[in-house]
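Enquirer: pasting the sequence and the predicted coordinates here, then a few questions.
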Amino acid sequence: MAAPAASAAPIPAAAPVLALAGVGRAFGPVEVLFGIDFDLKPGEVHALIGENGAGKSTMMKIMAGYLAPTKGRVLLDGAPVAFSSSEEAEERGVVLIHQEFNLARQLSVEQNIFLGRELKRGPFLDHRAMRETTLALLAELETPVDPAAIVADISVPEKQMVEIAKALSRKARVIIMDEPTAVLTRKEAEVLFRQIERLRAAGTAILYTSHKLDEVARLADRVTVLRDGRHVVTAPRGALSEDAMAEAMVGRELSNLFPAKAEPASAAPVLTVENFSVEGFAEDVSFTLARGEVLGFAGLVGSGRTELMEGLVGLRPAHGAVRLAGRPVRIRSVEEARRAGIAYLTEDRKERGLLLNLAMRPNLTLLALSRFGRFLIDRKAEELALDKAIAEFDIRAPLREIPVGNLSGGNQQKLLLAKTMLADPDIVIIDEPTRGIDIGTKQQIYGFVQRLAAAGKSIILVSSEMAEIIGLATRVCVMRAGRLAGTLSGADINEDAIVRLAMGLEARRANGNG
Amino acid sequence: MGVVKAFKALALAAALAAPAAAQAQDSKVIGVSIPAATHGWAGGMNYHAQEAVKRLEKTYPQLKFVLATAGDPGKQVSDIEDMMATRNIDALVVLPFESTPLTGPVKRVAEAGKWVTVVDRGLAEEGIEDLYVAGDNPGFGRVAGEFFRERMPSGGKIVVLRGIPTTIDNERVEAFRKAIEGSGIEIIGMEHGNWNRDSAFTVMQDFLSKHPKIDAVWASDDDMAVGVLEAINQAGRQDEMWVLGGAGMKEMIKRVMDGDKRVPANVTYPPAMIATAIEITALRFVSNAPVSGRFVIGSELITQENAQNFYFPDSPF
Amino acid sequence: MADATTTRQELRKPRRPAVNLHVVGPLVALAVLIVVGVLLNPNFLSYGNVTNVLARSAFIGIIAVGMTFVITSGGLDLSVGSMAAFIAGLMILVMNALVPTLGPGWPVILIGMAAALVFGFLAGLGNGLLITRARIEAFIVTLGSMGIFRSLITWLADGGTLSLNFQVRDVYRPVYYDGILGVSWPIIVFLVVAIAGEIAMRHTAFGRHCAAIGSNEQVARYSAVHVERVRLATYVMLGMLVGLATIMYVPRLGSASSATGVLWELEAIAAVIIGGTVLKGGFGRVWGTVVGVLILNLIQNILNLTDLVSPYLNGAIQGVIIVLAVVLQRQKKAL
């Protein structure tokens, strides 16, 4: 084992509020968790890290009453408990904040916060009290969202904050957060961290998972690493470096995360976009893309990058000039984009990318189905394509026929990548390719991206992860409030320059040839 | 039969006798609430109601009619409430979908001092209506039963198709059973065909599969008789059995008239009773004829001899 | 990872569990019904009875095959029963109107059949356009058209019954009652529709696209599927299948009334769900639908052939078996 065998350090002296003793969990014949010992003390932030599929989610679900362990015990205040449901766990002060939010989309913020435990005066709802409490909670979280706003209409970070407000309103003693920062910008994450620190000071026990190891290093009092359903190590703050954490997670040494950049072979643009606008989201954007190039698109969440790309592939009404290898084209649907050789890999793999209830095969071939037979689908060819995709993109699934919703995020992302590449596009637009994905898979995906570029594909990489953009792109377009704030290339690509452009601190002329 | 004609004559006579008195009165509104045309008999009943309304509005300009058809008892209650609230009716002619749910609403109409005529199905409480015009359901079953008894003096095996499970159906079947008691006629199968051609067709198909020998069928309704006859044709067992329907559908009357061996007779249950009821109610407002009371229109047996009197080729039913 | 290679090897061949209730559930229910039928009445498997049950299953069956596609793509059509009545009425009117000029023969009947398909096409197109273009919920659109078609047939028939000209009927009658080699036409048509439907669902891009749209419309849109076009096609196809079912139905009794096709929509939907198609879309199985239709008709047939229960309870028996057939399939999901 690469990581130091540090034992649980006696950091907060208090007795654990929630603990697992020898907990195991099996789904049918498949065991996913083996003899886990774990404890969570009041007033500590305990980070739980591991690759996708390491068993973090299962472990959190057991602690929060969503799943029962098949072996071992859950201890609350030192006494064994068997939560019959998540409601019971919440009743006892243990709240899980889901990565996919558990909010009723058509209800208002306020209705969500009090869902199931509405304040009442006599038989009637006490609207005023709920409104005031909601406002107070949101103010505390520095989230200026209208309590009457419908949850479906608010932004992703706002939803996150509403989830946290909901947990706080329930007087939680233990808050379990499943990758809370995966969908937050840096600034929003800072607000969250302040809240976490405030909660810690107030004596709340916090279990926290994240793939962002710098956050973990900064925030966590203790870190526990899981790998393949087993407990690897628990170490106090400072005992594990970020590299050591990563190695403990992966179980091998990680070489450089990013492959070496290669400058595109030729500067001749395969794609030229001029004065391109997507109403309400992006305005007057111009840029070019060369063969074999990786062009990064950076910017804050909500700066219009995703909508711009969706406009380019005909998913949103848009206008402006688009030329492919000098030839003007008009793309009004994904089908037309596909025929023009452009493919868009959505940032939202669960809602827009994959059919979660179907198996891998229909998912893989959906975009390029016309290539598998004119009238009848050639199932054999599909199976062969799947064989190839599994090998090429290293997709790991317990069974070929299981619904892809049961695959880990990383494998879903690889499948989505395979699906997109099956359409054999010349230009691939990849939006947030590593959101919610463990570090080992990230490294693989970076490798794929680089290999595609080397094979002559042109790639647009939209990402909020600065390191990703800097590590992969040869040029970077930075967007701010729907406009291109500037384009960076070569040595100019660094975090400081990107942030300045994204925040509007430095206005450069947008220049396609950067 | 005679009864219906007699009322029509009465209505006409009264109208001719007292035109002056009629015109002197204010205009009156008569609400008519009936079930929707969901099967043949109801379709005929709807037709007669509309015809009666048309005729009476022409004859008596001072009378206005509000006609509403309902697909279920709830809708019928709403119809009646609307008539009271927005059309300010002076009289209500109602053919209740079902007795019990309509009793309360109709009672409120009567209590408001309006004239109430109830048709076909009695209300659950007595003494509400001013006028009751009805078919004779036990009579319908009894007449059918007696016909079976007469045609099958030495007994035999028959199957019975029943209507939608309701009081009407129960009364008919009960009386039918009583009428054939001790005659040696054995009911070897009884199922609900819901007064529907398609249901009757499938039920009869299955009866034919199940029973190697059937001497006769009481289809108890002409719509069902159509489906039954078709199923018998398909099985090629036309010569084995005959079918008695009911309610006097024109095609069936025609077959009786023509002496079709498979359709030897029919039993009346005239859908025109609604027209009679509307006409008598109208009389109440245009003449001084005494019209309240209780009129039961008996079910009669139609055979080849008298079929001519019951054949109305223009009626939809 | 150490287990990566073994995992990949396992992936080579699709593995199926030995017995999958989700798959065989409806078949088991069907088999049980057949065994019960045989035990209760020796005539159950007679040629006559089997033919009767299959032929009467054909109307709902043909419609239910179309409904499978609509439901798989996340839609619903409540109007099929009244649509069938309406088309039957129009078809009869068209044929009766042509008899004086063309005489009672096959030309009239062929025109009538074509008219039924055209009316079905138009009715389906109407539903489909309102759902895909005007973006009104399928439930509401078809609830509305259900009422409209039902009223129109009642109005056309003047509250009574529309009857086909007797001479035409004699010519047309064999379409329901005759067939090839003792298999009647409705059964043959049903079989052909079912096989074509099964192939379309499992082996064509259309079927795949239906499942994709029903599973997640957004994903389908992002994957270059013409969502609106496919949706529209499902309703148009269903409309034409209703027309086809009507072509088989009219020669049976030669009439149409407001009582024609009452509750067919619910029977068709029930058959689709019993067959294992997911009501909220995303997964559809045509052969399952065929089994579902047979199950529904067999229950009625067996109840008619026996005197085990009061006829008042027929509906209850049917209800219990429908729910059981679905429960059998769902058990697997407990994992």
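Expert: Arrived safely, thanks for sending.
Enquirer: residue boundaries of the strands in chain C?
Expert: C:161-163, C:179-180, C:183-184, C:255-257 (DSSP state E).
Enquirer: is chain C contacted by stretch A:155-174?
Expert: No: using CB under 8 Å from any CB of the partner chain, stretch A:155-174 never reaches chain C; the gap is at least 15.8 Å. Where C-beta positions appear, they are placed from N, C-alpha and C, glycine not excepted.
Enquirer: how far does that stretch sit from its chain's centre?
Expert: Averaging C-alpha positions (CA atoms, centre = their mean, to the nearest Å) puts stretch A:155-174 18 Å from its chain's average.
Enquirer: and stretch C:169-186, by the same measure?
Expert: 20 Å.
Enquirer: got the end-to-end distance for it?
Expert: The straight-line separation of the ends of stretch C:169-186 (CA to CA, to the nearest Å) is 16 Å.
Enquirer: point out where the stretch 151-300 of chain C drops to low pLDDT.
Expert: Within the stretch 151-300 of chain C, no stretch has pLDDT under 70.
Enquirer: neighbours around the closest residue to residue C:298 other than its chain neighbours, how many?
Expert: Leaving out its chain neighbours, the residue that sits closest to residue C:298 by CB to CB, 6 or more residues apart in numbering or on different chains is residue C:33, at 4.7 Å. Residues lying near residue C:33 (other CB atoms under 10 Å in any protein chain shown) number 20.
Enquirer: thought residue C:33 was touching residue C:297?
Expert: No: Residue C:33 lies out of contact with residue C:297 (CB atoms under 8 Å); the separation is 9.9 Å.
Enquirer: residues from the stretch 401-514 of chain A in reach of chain C?
Expert: So the stretch 401-514 of chain A meets chain C at A:401, A:419, A:423 (CB under 8 Å from any CB).
Enquirer: so what's the residue nearest the centre of chain C up against?
Expert: Nearest to the geometric centre of chain C sits residue C:64, at 1.5 Å (CA atoms, centre = their mean). Counting by CB atoms under 8 Å, 6 or more residues apart in numbering or on different chains, residue C:64 touches C:267, C:268, C:269, C:271, C:272, C:289, C:290, C:292, C:293.
Enquirer: sec struct for residue A:332, please.
Expert: coil (DSSP: H, G, I helix; E, B strand; the rest coil).
Enquirer: list the contacts for it?
Expert: residue A:314.
Enquirer: how much space between it and residue A:425?
Expert: 17 Å (CB to CB, to the nearest Å).
Enquirer: what is the burial count for residue B:201?
Expert: 23.
Enquirer: ignore the last one, residue C:313
Expert: 13.
Enquirer: wait, what's in contact with residue 56?
Expert: Since you didn't name a chain, this refers to chain A. So residue A:56 contacts A:48, A:49, A:50, A:178, A:209, A:226 (CB under 8 Å, 6+ apart).
Enquirer: not quite, go with chain B.
Expert: B:63, B:65, B:278, B:279, B:282.
Enquirer: re earlier: which one of the strands of chain C lies closest to residue A:487?
Expert: Proximity to residue A:487 (CB to CB) singles out strand C:255-257 among those, at 70.5 Å.
Enquirer: domain map for chain B?
Expert: Per the record, chain B has its domains at B:2-135+B:270-299, B:137-267, by automatic domain parsing.
Enquirer: any chance of those domains in TSV, plus mean pLDDT?
Expert: As requested, the domains of chain B are arranged in TSV below (pLDDT from 0 to 100):
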stretch	mean pLDDT
domain B:2-135+B:270-299	80
domain B:137-267	90
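Enquirer: beta partners of residue A:299?
Expert: residue A:479 (DSSP bridges).
Enquirer: that one against residue A:484, yeah?
Expert: No: applying CB under 8 Å as the test, residue A:299 and residue A:484 come out as separate, 9.2 Å apart.
Enquirer: which neighbours do these two share?
Expert: Joint contacts of residue A:299 and residue A:484 (CB under 8 Å, 6+ apart) are residue A:478.
Enquirer: so who does the nearest residue to residue B:112 once chain neighbours are set aside touch?
Expert: Ranked by CB to CB, 6+ apart and with sequence neighbours excluded, the top spatial neighbour of residue B:112 is residue B:84, at 6.8 Å. When contacts are counted by CB under 8 Å, 6+ apart, residue B:84 touches B:108, B:109, B:112, B:114.
Enquirer: mark which of these are part of helices, please.
Expert: B:108, B:109 (DSSP state H).
Enquirer: of the contacts of residue B:84, buried ones?
Expert: Buried members of the contacts of residue B:84, counted by 16 or more other CB atoms under 10 Å in any protein chain shown: B:109, B:114.
Enquirer: and the gap between the residue of chain A found nearest chain B and chain C?
Expert: Closest to chain B within chain A is residue A:123: 29.2 Å, counting by CB to the nearest CB. Using CB to the nearest CB, to the nearest Å, residue A:123 is found at 33 Å from chain C.
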